[in-house]
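Undergrad: curious how this folds, go ahead:
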Amino acid sequence: MLTAGFLVAASSGAWAQETGLGVNTHVPDDGMLDLCADLGVNWIRVDGNWDLLNPASGTFNWALDDAVNGARTRNMEVFMTLGYTPDWVPRVARTRSDTYNGNDEPLTSTEWIAFVEAAVAHYQPLGVTHYGLWNEANLGGFWEEAAGSQSWIDKILVPGAAAVKRVCPTCKVLGPELAHVGEYQNFMRPVLMQAGDVYDIITHHSYNGWAELGLQIWDGDSFLNAIETRRFSFTRPALKELLDEFNITVPVWITETGLKAAPAGDVNQENRQAQYVELVMDAQLARPWWTNTFFYEIMDCGVDAPTCDIDGFGIARPTRDLQAGSRSFADYRQKPAYTAIKTYITAHPEIVVR
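TA: Modelled structure (predicted):
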């Protein structure tokens, strides 16, 4: 049946289906939203950062309103990832080696629950029905390693999922949004064992490579090793293998993937990036259990941030800085990966269902 602009239908197995393509946008302006609409995707992912939207106790800054309204006006759905501890929230006392508070473990769940409830109550009426709870909690930069997976399950996942459903029973909880690096399974197994049933959709991040782009088996997991079948019996399990182990039968979304094309303007690197996105889209179409992919990301850091360490992942590149105001569609160079996605959607309309 059609609901909220996307398709939900029974698949050939136990997997429900939501078909689409998306792109990571962070906090997009109109120019970025115009790029996404022109690209032809039906989803965007935005950063519903707790420390941005709830900068003080009882104070809310709904900084994503224009982005959400702009996406909905352009016939795109919004997946909002909530997370990152604000400075004002009491935190567990421990010695920390970093000065970033966003990855700190809150002392209790009280403030987090209040934020999730407020965010869903505000954004669901604007059309946001899909919510992630934290981002890449298996990486210390996003959830401090000393806190561990159990505290994340107890303080973030379980109460956060309950808060979403309490405010909006028909909204969907997505996650765990883990990065496929290191021994990711050590974080994910307890999540699936204790709270796998809170998820309506499983999300995962993989930037792993492809043999078609030169990856050798001894170089590490390929993209399909990461999400479907492990490389060897003694290497870390694939995402799908973990889901099967715990009988998790909900759709899978890859909500971050992509290839960094650097240095800027390198034709060979940009063509490799285009090949990468084509391989990912082909793989998604061939697997009914994997129903949505969000490419990272809509634009490069570009001229505003010449030392940005993630510059090159964008599928479009800004051609001027923001000193003169917001950029328009004309202020971006569409890279070959952008053209590849747009062309693929035209040739395979079944991959994007509105």
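Undergrad: I'd like to know how many residues surround Gly58.
TA: 8 (other CB atoms under 10 Å). For glycine as for every other residue, the C-beta is placed from the backbone atoms N, C-alpha and C.
Undergrad: could you check the distance from it over to Ile44?
TA: In this view, Gly58 and Ile44 are 29 Å apart by CB to CB, to the nearest Å.
Undergrad: likewise Met193?
TA: Applying CB to CB to Met193 and Ile44 gives a distance of 32 Å.
Undergrad: repeat that for Pro86.
TA: Counting by CB to CB - Pro86 and Ile44 are separated by 24 Å.
Undergrad: okay, these two: which has more neighbours?
TA: Here Pro86 and Ile44 are compared on neighbour count by other CB under 10 Å; more neighbours surround Ile44, at 27 against 23.
Undergrad: and that one, that's in a strand?
TA: Yes - looking at Ile44 with DSSP: H, G, I helix; E, B strand; the rest coil, it is inside a strand.
Undergrad: find the nearest non-adjacent residue to it, please.
TA: Thr25 (4.7 Å; CB to CB, 6 or more residues apart in numbering).
Undergrad: same deal with Pro106?
TA: Val89 (5.2 Å).
Undergrad: try Leu107
TA: Closest to Leu107 by CB to CB, 6+ apart is Pro90, at 4.2 Å.
Undergrad: which parts of the protein are helices?
TA: Under the criterion DSSP state H, helices of the chain are mapped to 30-39, 50-53, 65-73, 110-123, 148-152, 158-167, 184-195, 223-227, 239-245, 267-285, 336-347.
Undergrad: show me which residues of the fourth one are buried.
TA: Neighbour counts using 16 or more other CB atoms under 10 Å place Glu111, Trp112, Ile113, Phe115, Val116, Glu117, Ala118, Ala119, Val120, His122, Tyr123 of helix 110-123 among the buried residues.
Undergrad: ditto for stretch 163-181
TA: 163-165, 167-168, 171-181.
Undergrad: which ones are touching Val27?
TA: Counting by CB atoms under 8 Å, 6 or more residues apart in numbering, Val27 makes contact with Val46, Asp47, Leu52, Ala63, Leu64, Ala67.
Undergrad: scratch that, Asn69 is what I was asking about
TA: Leu126.
Undergrad: on that earlier part again, with pLDDT and neighbour count as added columns, please give the contacts of Val27 in JSON lines.
TA: Shown next, in JSON lines, are the contacts of Val27 (pLDDT from 0 to 100; neighbours: other CB atoms under 10 Å):
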{"residue": "Val46", "pLDDT": "98", "neighbour count": "21"}
{"residue": "Asp47", "pLDDT": "98", "neighbour count": "20"}
{"residue": "Leu52", "pLDDT": "97", "neighbour count": "16"}
{"residue": "Ala63", "pLDDT": "97", "neighbour count": "15"}
{"residue": "Leu64", "pLDDT": "98", "neighbour count": "26"}
{"residue": "Ala67", "pLDDT": "98", "neighbour count": "22"}
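Undergrad: how close does the residue minimising distance to the centre of the chain get to Thr110?
TA: Central residue of the chain (CA atoms, centre = their mean): Thr255, 3.6 Å from the mean position. Applying CB to CB, the value for Thr255 to Thr110 is 28 Å.
Undergrad: now do Ile156
TA: Counting by CB to CB - Ile156 and Thr110 are separated by 12 Å.
Undergrad: returning to what we had before: counting neighbours, what do you get for the residue nearest to Leu107?
TA: Neighbours of Pro90 using other CB under 10 Å come to 12.
Undergrad: and for Gln269?
TA: Using other CB under 10 Å: Gln269 sits among 18 other residues.
Undergrad: surely it is in contact with Ala262?
TA: Yes - between Gln269 and Ala262 there is a contact at 6.2 Å, judged by CB atoms under 8 Å.
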